[in-house]
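A.B. asks: Next come a sequence and a model predicted from it.
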Amino acid sequence: MARKSKSKSGSSLLSRSHPAPRRASLSSKATRTLIRSHHTLQKKLAQAQKAGDDAAAHALRTEIEKKGGLERYQLASINGQTPSRGGDSSRVLMEWLGDVKSSSSSSPKDAAADSTRKKSLLEVGCLSPDNAVSKSGRFEVTRIDLHSQHAKILEQDFMQRPLPTSDDERFDMISLSLVLNYVPDPEGRGQMLQRTTNFLRTKQQHEEEEEFFPSLFLVLPAPCVTNSRYLDEDRLVAIMQSLGYTCVKRKLSAKLIYGLWVLGTPPEEKRKVVWKKEEVRAGKRRNNFAVAIK
Ligand SMILES: C[S@@+](CC[C@H](N)C(=O)[O-])C[C@H]1O[C@@H](n2cnc3c(N)ncnc32)[C@H](O)[C@@H]1O
């Protein structure tokens, strides 16, 4: 039975009834294969759609569904979050925030008020309401996903979420963990990164010392940055800086690259941001992950 839930922006969104997610008992190898194959098929589908090849797009949609579609992909991703397989990425965020005061308010009254106010977090691509960031109790979390597997997760495409009209509707932090690499084409990834800036509240002058907010927690598979023909860390930093972000925390593990990117006060004039898909390093064994902004 469908029922309605309210988003932070006040828009009503349809949410479905949610059976408890089935845990797939997949091996690590099967999990990786399934995730990779889903990404490849999504990329081919985006290419077919761009080329206007309806027959190929139909065949690819059928193949994606035959392999279990987004639901099975999500179950494989949940599998990858078990502690034995690297765990929940938001634990890294909580380690970073562990010793941070919630505010740098100048007056004792403001400080008292702010220390009781939870930070607001928009978690895009949320598979579970029980990850470290939710359990911390430090955030008021709004969770969204293309396919919700839990009543506390709104079924919503971030790219379609209504734009906020005031800071009350914006967030202190957005989490984009293993979501940007789900987007099948470079331009779509650029649009997603650009769009995050609209959903973060404005940094106030008196907050200069509040070093971790407003911010984007961005997590990508490490090879997207360490072994791509089109993206390395320098280029990622340059792209993010052109959007107004500064990296304040960064961690590279064997599998993932994590970053906390603070959005600064908006520049006087909006800078023109254009990033093409250009080779930054050659090599036959590299992948083609890229971010492009028109
Ligand atoms: C690999 S899972 C990542 C889950 C989790 N954040 C993590 O770090 O393990 C990617 C999720 O992002 C969701 N997703 C991708 N694009 C999205 C969008 N535009 N809006 C909302 N969710 C999206 C997918 O549905 C999928 O559940």
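C.D. replies: Thanks, I have the structure now.
A.B. asks: three-state assignment of residue 128?
C.D. replies: coil (DSSP: H, G, I helix; E, B strand; the rest coil).
A.B. asks: How many residues are close by the residue in the stretch 51-200 of the chain positioned nearest to the ligand?
C.D. replies: Taking Cβ to the nearest ligand atom as the measure, the stretch 51-200 of the chain has residue 125 as its residue closest to the ligand, at 2.7 Å. Bear in mind the C-beta positions are built from the backbone N, C-alpha and C, glycine included. Residues contacting residue 125 under the criterion other Cβ atoms under 10 Å number 20.
A.B. asks: What residue, apart from its backbone neighbours, is nearest it spatially?
C.D. replies: The spatial neighbour of residue 125 that comes closest, neighbours along the chain excluded (Cβ to Cβ, 6 or more residues apart in numbering), is residue 179 at 3.6 Å.
A.B. asks: Tell me who's in contact with the one you found.
C.D. replies: 124-125, 158, 192 (Cβ atoms under 8 Å, 6 or more residues apart in numbering).
A.B. asks: Residue 140 contacts residue 122, doesn't it?
C.D. replies: No. Using Cβ atoms under 8 Å as the test, residue 140 is too far from residue 122 to be in contact (10.0 Å).
A.B. asks: higher neighbour count, the two?
C.D. replies: Set side by side, residue 140 and residue 122 show more neighbours around residue 122, with 25 against 13, by other Cβ under 10 Å.
A.B. asks: what helices or strands is the helix or strand where that one lies leaning on?
C.D. replies: In this assignment (DSSP states H and E), residue 122 forms part of strand 119-124. On a contact count with 3 or more Cβ pairs under 8 Å, 6 or more residues apart in numbering; DSSP states H and E, strand 119-124 meets strand 139-145, strand 173-177.
A.B. asks: Can you list the buried residues in the helix or strand following it?
C.D. replies: Past strand 119-124, further along toward the C-terminus, the next helix or strand under DSSP H and E is helix 132-135. Neighbour counts over helix 132-135 (16 or more other Cβ atoms under 10 Å) mark 133-134 as buried.
A.B. asks: State the mean pLDDT of helix 132-135.
C.D. replies: On average, the pLDDT along helix 132-135 is 94.
A.B. asks: which residues are contacting it?
C.D. replies: Contacts of helix 132-135 (Cβ under 8 Å, 6+ apart): 88, 90-91, 93-94, 121, 123, 128, 139, 141, 175.
A.B. asks: Checking my notes, residue 189 in a helix, right?
C.D. replies: Yes. With three-state DSSP as the criterion, residue 189 is located in a helix.
A.B. asks: related to what we said a few turns ago, ok, the strand holding residue 122: who's next to it in the sheet?
C.D. replies: strand 139-145 (parallel), strand 173-177 (parallel) (DSSP bridges).
A.B. asks: so can I have TSV of those strands showing mean pLDDT?
C.D. replies: Output for those, formatted as TSV (pLDDT from 0 to 100):
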stretch	mean pLDDT
strand 139-145	97
strand 173-177	98
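A.B. asks: got TSV for these, with distance to the ligand too?
C.D. replies: Shown next, in TSV, are those (distance: least, Cβ to the nearest ligand atom, whole Å):
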stretch	distance to the ligand
strand 139-145	5
strand 173-177	3
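A.B. asks: Could you identify which of those is most buried?
C.D. replies: Compared across the strands paired with strand 119-124, strand 173-177 shows the largest average neighbour count, a mean of 25 (mean count of other Cβ atoms under 10 Å).
A.B. asks: Could you give the separation of that one from the chain centroid?
C.D. replies: In terms of Cα atoms, centre = their mean, to the nearest Å, the centre of strand 173-177 is set 5 Å apart from its chain centre.
A.B. asks: Using PDB, write down the CA coordinates of it.
C.D. replies: Output of strand 173-177 as PDB, limited to C-alpha atoms (Å, rounded to 0.1, in the frame of the first residue of the first chain):
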ATOM      1  CA  MET A 173      26.000  18.100   5.200                       C
ATOM      2  CA  ILE A 174      25.300  15.800   2.200                       C
ATOM      3  CA  SER A 175      26.600  12.300   2.000                       C
ATOM      4  CA  LEU A 176      27.300  10.900  -1.500                       C
ATOM      5  CA  SER A 177      28.900   7.600  -0.700                       C
END
